[in-house]
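>>> Any chance you can model this:
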Amino acid sequence: MNTFTRIIEQNIDDPNLTNTDLAKKTGLSERQFYRRIEMLTGLSPNKFIRGMRLKKAEKLLRSGQYETVKEVALRVGFIKVSWFSKLFEREMGQRPLDLLKREF
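The predicted structure follows:
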């Protein structure tokens with residue numbers, strides 16, 4: 001599991017990261033990769049990766065290092081900010097803008 005999470009963390013900003021890429025990087029077939037992730041997490045690889053992206057986004061939003069939600073969305077591999085915001089709110093229960101620390 002540590003190998004999976006490390007590889008995902010190293011590539012979290014890549015919006016084109018696929019299960020095929022991850023399987024190759026872990027030395028597994030796509031099918032084995034899918035089964036292993038599902039067995040370890042109870043989630044499909046896509047949902048697991050999305051969850052990691054959203055958790056990382058939450059940390060970045062709270063960090064105060066970024067000025068806009070767009071910067072954070074791109075940093076965690078989302079191209080469309082509107083989709084990121086909608087998904088973030090649905091999964092995390094808060095709007096990303098509400099977590100963005102701003103200095104006035």
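
>>> any idea which helix or strand comes after the lengthiest helix in the chain?
When the chain is parsed with DSSP state H, its longest helix is helix 45-63. Next helix or strand after helix 45-63 toward the C-terminus (DSSP states H and E): helix 69-75.

>>> mind showing which ranges of the chain have poor pLDDT?
101-104 (pLDDT under 70).

>>> So for the longest helix of the chain, what gets flagged as buried?
Pro45, Phe48, Ile49, Arg50, Met52, Arg53, Leu54, Lys56, Ala57, Glu58, Leu60, Leu61 (16 or more other C-beta atoms under 10 Å). All C-beta spots, glycine's among them, are computed from the backbone N, C-alpha and C.

>>> contacting residues around the last one?
For Leu61, the contacting residues are Val69, Val72, Pro96, Leu99, Leu100, Lys101, by C-beta atoms under 8 Å, 6 or more residues apart in numbering.

>>> quick one: which of those residues is nearest to Thr5?
Val72 (19.7 Å; C-beta to C-beta).

>>> shouldn't that closest one be in contact with Pro96?
Yes - using C-beta atoms under 8 Å as the test, Val72 is close enough to Pro96 to be in contact (6.8 Å).

>>> anything in contact with each of these two?
In terms of C-beta under 8 Å, 6+ apart, Val72 and Pro96 are both contacted by the residues Ala57, Leu61.

>>> coming back round to it: among the contacts of Leu61, name the buried ones.
Buried among those (16+ other C-beta under 10 Å): Val69, Val72, Pro96, Leu99, Leu100.
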